[in-house]
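Participant: Task: produce atomic coordinates for the following.
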Amino acid sequence: EALPVLEASVALRRRYWSHDIQGFLGAQSSVGSCLEAIGRHDESLVLTREVYARKVATCGVSHVSTILFGYNLTVTLISLGRWDESTALLRDLLPAASALGSDHKLTLNLKENLAYALSTQPDYTREGLLEAETILQDVVQRRRRAFGPTHPHTVDAETNLSIVASIVARAKLARA
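Facilitator: You can find the predicted model right below:
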């Protein structure tokens, strides 16, 4: 139900507020997120790539909204199983995000997505699993400190850490 409304918003912005490029990109980003949410991943990918590229061109790679749009692109890439591309983009985004602060929600979300990409891709490596575990240990510690132990993001990070830790343990047993 939301998609036609969001598409109408983009059309209105294009027609009446074409000078407001940031507002237009925000509206397009919302359409991309909606497409992702309803499972139209390929369409979402095309639009989200375009929006991210235009955001980089207009605001630079270090702008918080560019990092957020890049994060949205990584979500789409991961949902399509484009592990190498998502991992590379996440690694590119993290230095810019670290300027926001190590405990910033967006920085932690990027790190958690990187750990997810490293640990869930079909051809994951031992090194990737260990890196994912280390990243998640850091994320859990930071989320506990910044948001508290009962915050939903902290609980989710702890769950992800326990899953990755069990995969690492199974991989160690399989090698033994």
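
Participant: how about low-confidence regions in this structure?
Facilitator: Along the chain, the parts satisfying pLDDT under 70 run over 10, 14, 16-17, 19-20, 24, 173, 175-176.

Participant: Geometric centre of it: which residue is closest?
Facilitator: Tyr71 (3.5 Å; Cα atoms, centre = their mean).

Participant: and it, what is it in contact with?
Facilitator: Going by Cβ atoms under 8 Å, 6 or more residues apart in numbering, Tyr71 touches Leu93, Leu106, Asn109, Leu110, Asn113. Yep, even glycine has a C-beta here, placed from its N, CA and C like the rest.

Participant: That one sits in which helix or strand?
Facilitator: Using DSSP states H and E, the element containing Tyr71 is helix 64-79.

Participant: Can you list the buried residues in that helix?
Facilitator: Neighbour counts over helix 64-79 (16 or more other Cβ atoms under 10 Å) mark 66-78 as buried.

Participant: Just among the contacts of Tyr71, which is most surrounded?
Facilitator: Highest neighbour count within the contacts of Tyr71: Leu110, with 27 neighbours (other Cβ atoms under 10 Å).

Participant: ok, it - contacts?
Facilitator: Ile67, Tyr71, Thr74, Leu90, Leu93, Leu94, Ala97.

Participant: same check, this time on Arg144
Facilitator: Thr154.

Participant: Share the number of residues neighbouring Asp151, please.
Facilitator: Actually, residue 151 is His. It isn't Asp. 13.

Participant: these two touch, right, it and Arg145?
Facilitator: No. Counting by Cβ atoms under 8 Å, Arg145 is not a contact partner of His151; they are 10.8 Å apart.

Participant: Name the single longest helix found in this structure.
Facilitator: Using DSSP state H, we find that the single longest helix of the chain is helix 152-175.

Participant: buried stuff in it?
Facilitator: Those would be His153, Thr154, Ala157, Glu158, Asn160, Leu161, Val164, Ile167, Val168, for helix 152-175 by 16+ other Cβ under 10 Å.

Participant: And stretch 83-101, by the same measure?
Facilitator: Result for stretch 83-101 [16+ other Cβ under 10 Å]: buried residues Trp83, Glu85, Ser86, Thr87, Leu89, Leu90, Leu93, Leu94, Ala96, Ala97, Leu100.

Participant: Could you do stretch 21-30 as well?
Facilitator: Phe24, Leu25, Gly26, Ala27, Gln28, Ser29, Ser30.

Participant: One more: stretch 33-53?
Facilitator: Buried residues in stretch 33-53, counted by 16+ other Cβ under 10 Å: Ser33, Cys34, Leu35, Glu36, His41, Ser44, Leu45, Leu47, Thr48, Val51, Tyr52.
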